[in-house]
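Asks: kindly generate the corresponding structure for this input.
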Amino acid sequence: MGHRNPNLMHLFLSALIVFFLWGCSSPSDPVARGRARFVGLGCLTCHRVGDRGGGQAGPDLTTVGLRHSTEWLDLWMKDPQEWKPDTRMPRYKLTESNRAELVAYMATLQGEDYRRDPPWNSRRFQGQPEKRGENIYNRLGCGVCHGPYGGGGVRNTNVVGLEIPSLTMVRDGFTRDELKERIALGRQPEPEDPLKPPPMFLMPAWGDLLKEDEMEDLITYLYSLRPPIKPGDVWDE
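Replies: Coordinates of the predicted model:
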């Protein structure tokens, strides 16, 4: 009996999963077709959705439908490099209808998995509010907009400076109560030019997803991001 090729077997199983998902969904349901296409394209190799996937190459997508509009998602899927030249996201040659299906599915990802079973409630974060807050920051995808470790540099449209603010100095601009209110209620940035379309990125109302203690630990992490004080700096502690 001949040896089986493990690569061919892997491809066969992947195709079988996609076929099963497609066959169990309504052919007229773009969300179901988008979900099947999401799996078939191997998106879970680089991204996480709830407890599925887990790749580190791309951001967690469990809340992507809260963070981004369908307009932006469509622009991103059309040509990621046009929006962010240094991204590792490949440019898939999708038809307009296929891209619309993917966007329809991603728009439904609004944190339901993390409402049911928050990963930051793991025992390993007990007694470590800063580490727990860092996990919340990463799992919610905050770094997609504010940069890794709050470093900023992420493009936005029609805002002063054309970038989303860095968070490294947030403790100097907001009290804990002020920052908690901003996180809970979200914010629509002020447009630089009121006659142009509004900024593409806005801050979601995370209070719909996060509990009081989760916001407190997130703030503890954000407060930790301020760079160390250098000789000659005069900052109040």
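Asks: going forward, measure contacts and count neighbours with C-alpha atoms only.
Replies: Will do.
Asks: hey, where'd the strands end up in this protein?
Replies: 48-49, 52-53 (DSSP state E).
Asks: comparing these, which yields the minimum mean pLDDT?
Replies: When the strands of the chain are ranked by mean pLDDT, strand 52-53 comes last with a mean of 92.
Asks: how far does it sit from its chain's centre?
Replies: Computed by C-alpha atoms, centre = their mean, to the nearest Å, the separation of strand 52-53 from the middle of its chain amounts to 14 Å.
Asks: how about residues contacting it?
Replies: Applying C-alpha atoms under 8 Å, 6 or more residues apart in numbering, the contact partners of strand 52-53 are Leu44, Thr45, Cys46, His47.
Asks: buried among those residues? Need that as a selection in ChimeraX.
Replies: Entered in ChimeraX, the line below selects the buried ones among the contacts of strand 52-53, by 16 or more other C-alpha atoms under 10 Å:
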select :44,46,47
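Asks: out of the contacts of strand 52-53, which sit inside helices?
Replies: Counting by DSSP state H, none of the members of the contacts of strand 52-53 fall within helices.
Asks: nearest to Pro194, out of the strands of the chain?
Replies: Closest of those to Pro194 is strand 48-49, at 36.0 Å (criterion: C-alpha to C-alpha).
Asks: what's the closest one in contact with?
Replies: Strand 48-49 is contacted from outside by Gly54, Gly55, Pro59, Asp60, Leu61, Thr62, Asp113, using C-alpha under 8 Å, 6+ apart.
Asks: let's see 7 Å
Replies: The contact list for strand 48-49 (C-alpha atoms under 7 Å, 6 or more residues apart in numbering) reads Gly54, Gly55, Asp60, Leu61, Thr62.
Asks: can you list the strands that that strand pairs with?
Replies: Paired strands of strand 48-49, with direction, are strand 52-53 (antiparallel) (DSSP bridges).
Asks: hmm, who's touching stretch 142-158?
Replies: By C-alpha under 7 Å, 6+ apart, stretch 142-158 touches 137, 162-168, 191-193, 198-201, 225.
Asks: of those residues, grab the buried ones for PyMOL.
Replies: Provided next is the PyMOL selection string for whichever of the contacts of stretch 142-158 are buried by 16+ other C-alpha under 10 Å:
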select buried, resi 137+163+164+165+166+167+168+191+198+199+200+201+225
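Asks: show the contacting residues for Pro198.
Replies: Pro198 makes contact with Asn158, Pro191, according to C-alpha under 7 Å, 6+ apart.
Asks: where in this protein is pLDDT low?
Replies: Applying pLDDT under 70 to the chain flags residues 1-27, 229-237.
Asks: tell me the centre residue of it?
Replies: Geometric centre of the chain, nearest residue: Gly141, 3.3 Å, by C-alpha atoms, centre = their mean.
Asks: against Met203, how distant is that one?
Replies: According to C-alpha to C-alpha, to the nearest Å, Gly141 stands 12 Å off from Met203.
Asks: with Pro197 instead?
Replies: The spacing between Pro197 and Met203, counted by C-alpha to C-alpha, is 17 Å.
Asks: of these two, which one has the most company?
Replies: Using other C-alpha atoms under 10 Å, the more surrounded residue of Pro197 and Met203 is Met203, with 19 against 10.
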